[in-house]
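[1] coordinates for the following, if possible.
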Amino acid sequence: VQLQASGGGLVQPGGSLRVSCAASGTIFSFHDVGWYRQTPGKQRELVAGISSNGRTTYADSVKGRFTISRDNAQQLVFLQMNSMKPEDTAVYYCNVGRYSGGKFYAGNYWGRGTLVTVSS
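    The predicted model follows:
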């Protein structure tokens, strides 16, 4: 499984950005997928997860602002980020893991991350 995150960039506080995760080497629709983020000196943290049949979970810090979705036909998972804050600045990674009991558990497959910077 190969994953590639894209779409990062610079956005002003209060702005929006959508990042994408593309998969190859697998049938993406079979998998649960999560978005994680990491800043220097901190552990990678779960942002949002989506099951193969569309159930979702979010970190408390992004609930109501971020939306995870998927397009199985195109082998893509998206993270729409609205009302962004400087603390959303991080490298964002996608991951093929496991969704169970309303929670997402990271698996072994990570894509190359994409940098998101929220700054004026």
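[2] mind checking pLDDT for residue 89?
    We have a pLDDT of 98 for residue 89.
[3] and it, what is it in contact with?
    Residue 89 makes contact with 39, 116, 117, 118, 119 under the criterion Cβ atoms under 8 Å, 6 or more residues apart in numbering. Using the backbone N, CA and C atoms, a C-beta is placed for each residue, glycine as well.
[4] can you pick the most crowded of the residues you listed?
    residue 116 (22 neighbours; other Cβ atoms under 10 Å).
[5] now do the SS call for that residue.
    At residue 116 the chain is in strand, as set by DSSP: H, G, I helix; E, B strand; the rest coil.
[6] not counting its neighbours along the chain, what's nearest it?
    Using Cβ to Cβ, 6 or more residues apart in numbering and skipping the chain neighbours, the partner closest in space to residue 116 is residue 8 (4.6 Å).
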